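Participant: Below are the sequence and a predicted model for it; my questions follow.
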Amino acid sequence: MSRSLSRRQALLAGAAAALAAPAVAAAKAAPFVSRRPPAAERRFSSPSVEALITRVKAQIADPELAWLFENCFPNTLDTTVTLGEVDGKRDAFVITGDIDCMWLRDSSAQVWPYLPLAAQAPDLQALFRGVIGRQARCILIDPYANAYMRDPKARTNLKWSQEDVTEMRPGVGERKWEVDSLCYPIRLAHGYWRATRDPVPFDAEWRAAMALVVRTFREQQRKTGPGPYRFERPATAATETLMLDGRGAPTRKVGLIHSMFRPSDDACVYPFLVPSNLFAAASLRQLSELATEVMADPAFAADCAAFADELTTALKAYGQTRDLDDEPVWAYEVDGFGNALFMDDANAPGLCSLAYLGCVPHDDPVFRRTVELAWSGRNPYFFQGSAAEGIGGPHAGLDMIWPMSIIMRALNALADGDDGRVLACLRTLKATHAGKGFIHEAFHKDDPARFTRDWFAWANTLFGELIVEIAARRPALLARPLGAKA
């Protein structure tokens, strides 16, 4: 997901166009006709996914919610996947939606909800093999990039990246160093292995990419020097460039990994982005497991596990701050000198998505306090309005709520057994899609017709994942229209 100044301007133009659309109430009155592409125009089709859509939709009593689910859950497959072959191996290029580039984070998250079906679906196995292989090749092009071109020999065609002061290589769309960009491919590979026990994707190329991931994480601990990465962009927005010759703000080297940009692609204030470091620790443990079970490489497994332990120790020592009752909570960013920023951003990894990503136990008291604090006025990017309340971030601007934050709140509530909160989140999501039938990047807290991104596959698929989870764990919540009280 590109977070450039040019992208911001495009989003604002899209929001302005949305204001000219028919009223939300009038749109809701229209029949709930599928917004999916015709079957012949879908980029990828899986009978297993279609059967799941049919089964789950039949459990949803609310017609508008069922319509949203049917539109959103297959959106990644319908619109963003291109299958091919590279050197006789399956290849899959997955765009974010309205940007024709592949983000490691987004592509991993977009296909994640289909994993439970993969063991019994050869077509989905081919897709996952293709995504895992493409991600490995992307990492080998440049582990510091966040977005990659369809053609690995092409120069970037993203307007906002043309003048970046960094080492732009062929095949790279944008080169914003984000720790989570290397965590997500590990999460996907580990999830695929656990679901299928299929060894095919884990070839020499993938193994070389994983070794490069660990080496890059080590470089960005910056224990012996600043490392090779620097980035500057001619821009008026501070979130688009890095200070101090493109290296970012100063830090005390305490063992944490420097992340120059957040999952939103916005620049960090303090370079130790705590959610991403927690994600890195969890990912390294997953990579250690893969090194043992798939790679038969005990030395690499031990190195990954020891690295994860080092991060965990540093996070406990430097990654927390205090709430108003002087209880520990996770900070969002720290610098190792004792300075901490508390906020949350709707993109994952963020503080509210730590349990969802397997970084912390869901019932961990520090996590639970952190989430409640993030969903309060203590978080400068928590917005409450007449249409909704939720978390946004600096990328889309003040008062703009990201539906992803509401989806994550519902997933946390589902784990808590809080039916009332799950239903409240579903009502909000149903009321804020502006009659489009899809989940947007962000909408205004007082007016859902002011939104960004008509086509944002990650948010759509995450919403579908939420509905599938509810259908599996609390089907009674879907068995009544949302207007009814729990």
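Facilitator: Good, I have the coordinates. Numbers count the residues shown, from 1 in each chain.
Participant: from here on, contacts and neighbour counts on C-alpha atoms
Facilitator: Fine.
Participant: ok, what's across the strand from residue 333?
Facilitator: With DSSP bridges as the criterion, the beta-bridge partners of residue 333 are residue 273, residue 341.
Participant: what's near enough to touch it?
Facilitator: Taking C-alpha atoms under 8 Å, 6 or more residues apart in numbering as the definition of contact, the neighbours of residue 333 are 268-274, 319, 340-342.
Participant: Tell me how far it lies from residue 272.
Facilitator: Using C-alpha to C-alpha, to the nearest Å, residue 333 is found at 5 Å from residue 272.
Participant: confidence score at the closest residue to residue 250 other than its chain neighbours?
Facilitator: For residue 250, ignoring the flanking residues on the chain, the nearest one in space by C-alpha to C-alpha, 6 or more residues apart in numbering is residue 335 at 7.2 Å. At residue 335, the model reports a pLDDT of 98.
Participant: Report the contact partners of residue 335.
Facilitator: Residues near residue 335 by C-alpha under 8 Å, 6+ apart: 250-252, 270-272.
Participant: Selection in PyMOL covering whichever of these are buried, please.
Facilitator: Buried members of the contacts of residue 335 can be picked out in PyMOL with the line below, counting by 16 or more other C-alpha atoms under 10 Å:
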select buried, resi 251+270+271+272
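Participant: Show me which of the contacts of residue 335 is closest to residue 171.
Facilitator: residue 271 (26.3 Å; C-alpha to C-alpha).
Participant: same for the helix or strand that contains residue 429, what does it pack against?
Facilitator: Taking DSSP states H and E as the criterion, the element that holds residue 429 is helix 419-431. Packed against helix 419-431 by the contact rule (3 or more C-alpha pairs under 8 Å, 6 or more residues apart in numbering; DSSP states H and E) you find helix 63-72, helix 403-416.
Participant: would TSV of these with distance to residue 34, mean neighbour count and mean pLDDT be doable?
Facilitator: Shown next, in TSV, are the helices and strands packed on helix 419-431 (distance: least, C-alpha to C-alpha, whole Å; neighbours: other C-alpha atoms under 10 Å; pLDDT from 0 to 100):
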stretch	distance to residue 34	mean neighbour count	mean pLDDT
helix 63-72	6	22	98
helix 403-416	21	22	98
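Participant: Most neighbours among the contacts of residue 333, please name it.
Facilitator: For the contacts of residue 333, neighbours were counted using other C-alpha atoms under 10 Å, and residue 272 has the most, 33 neighbours in all.
Participant: which SSE is residue 390 in?
Facilitator: When elements are assigned from DSSP H and E, residue 390 belongs to strand 389-391.
Participant: if we can go back for a sec, can I get the helices and strands packed on helix 419-431 in JSON lines with distance to residue 213?
Facilitator: As requested, the helices and strands packed on helix 419-431 are arranged in JSON lines below (distance: least, C-alpha to C-alpha, whole Å):
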{"stretch": "helix 63-72", "distance to residue 213": "32"}
{"stretch": "helix 403-416", "distance to residue 213": "27"}
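Participant: what are the ranges of the helices in the stretch 1-150 of the chain?
Facilitator: Counting by DSSP state H, counting those that start in this stretch, the stretch 1-150 of the chain forms helices over residues 5-19, 24-29, 47-57, 63-72, 75-79, 104-111, 122-141, given from the N-terminal end onward.
Participant: To residue 373, which of these lies closest?
Facilitator: Judged by C-alpha to C-alpha, the one of the helices of the stretch 1-150 of the chain that comes nearest to residue 373 is helix 104-111, at 25.6 Å.
Participant: centroid residue for the protein?
Facilitator: In the chain, the centroid-proximal residue (C-alpha atoms, centre = their mean) is residue 348; its distance is 4.5 Å.
Participant: In space, what's closest to that residue - neighbours in sequence excluded?
Facilitator: Ranked by C-alpha to C-alpha, 6+ apart and with sequence neighbours excluded, the top spatial neighbour of residue 348 is residue 263, at 6.4 Å.
Participant: cool, and residue 371?
Facilitator: For residue 371, the spatially nearest residue (C-alpha to C-alpha, 6+ apart) is residue 352, at 5.3 Å.
Participant: was I right about the one you found contacting residue 369?
Facilitator: No. In this structure residue 352 lies outside contact range of residue 369 using C-alpha atoms under 8 Å: 10.3 Å.
Participant: between these two, which one's more packed in?
Facilitator: For residue 352 against residue 369, the residue with the higher neighbour count under other C-alpha under 10 Å is residue 352, and the figures read 27 against 16.
Participant: And that one, how close does it get to residue 362?
Facilitator: Counting by C-alpha to C-alpha, the gap between residue 352 and residue 362 amounts to 10 Å.
Participant: now residue 420
Facilitator: The spacing between residue 420 and residue 362, counted by C-alpha to C-alpha, is 18 Å.
Participant: Could you do residue 148 as well?
Facilitator: Here the distance between residue 148 and residue 362 works out to 33 Å (C-alpha to C-alpha).
Participant: Those two - which one has more neighbours?
Facilitator: More neighbours surround residue 148 than the other of residue 148 and residue 362, with 29 against 17 (other C-alpha under 10 Å).
Participant: what about the closest residue in space to residue 402 that isn't next to it in sequence, neighbour count?
Facilitator: Counting by C-alpha to C-alpha, 6+ apart, residue 442 is the residue found nearest to residue 402 once chain neighbours are left out, at 4.2 Å. Taking other C-alpha under 10 Å as the neighbour definition, residue 442 ends up with a count of 31.
Participant: Test my guess that residue 442 contacts residue 392.
Facilitator: Yes. Assessed by C-alpha under 8 Å, residue 442 is found in contact with residue 392 at 7.4 Å.
Participant: what sits in contact with each of these two?
Facilitator: 400-402.
Participant: now the residues you listed: which count as buried?
Facilitator: For the shared contacts of residue 442 and residue 392, burial is judged from neighbour counts taken by 16+ other C-alpha under 10 Å, and it is met by 400-402.
Participant: can those residues go into JSON lines with extra columns for pLDDT and distance to residue 222?
Facilitator: Written out in JSON lines, the entries for these read as follows (pLDDT from 0 to 100; distance: C-alpha to C-alpha, whole Å):
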{"residue": "400", "pLDDT": "98", "distance to residue 222": "35"}
{"residue": "401", "pLDDT": "98", "distance to residue 222": "35"}
{"residue": "402", "pLDDT": "98", "distance to residue 222": "33"}
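Participant: residues in contact with residue 242?
Facilitator: Contact analysis of residue 242 by C-alpha under 8 Å, 6+ apart lists 231-233, 248-249, 260, 267.
Participant: what's the most distant pair in those?
Facilitator: Looking at these by C-alpha to C-alpha, the two members farthest from one another are 233 and 249, with 15.7 Å of separation.
Participant: So if I had to pick from those two, which one is more boxed in?
Facilitator: When neighbours are counted by other C-alpha under 10 Å, residue 233 comes out ahead of the other of residue 233 and residue 249, with 20 against 17.
Participant: quick one: the more buried one and residue 165 touch, right?
Facilitator: Yes. The pair formed by residue 233 and residue 165 meets the contact definition of C-alpha under 8 Å, at 6.1 Å.
Participant: just to revisit the earlier point, and for the helix holding residue 429, what are the contacting residues?
Facilitator: Under the criterion C-alpha under 8 Å, 6+ apart, residues 64-65, 68, 387-388, 403, 406-407, 409-411, 413-414, 439, 477, 482-483, 486 lie in contact with helix 419-431.
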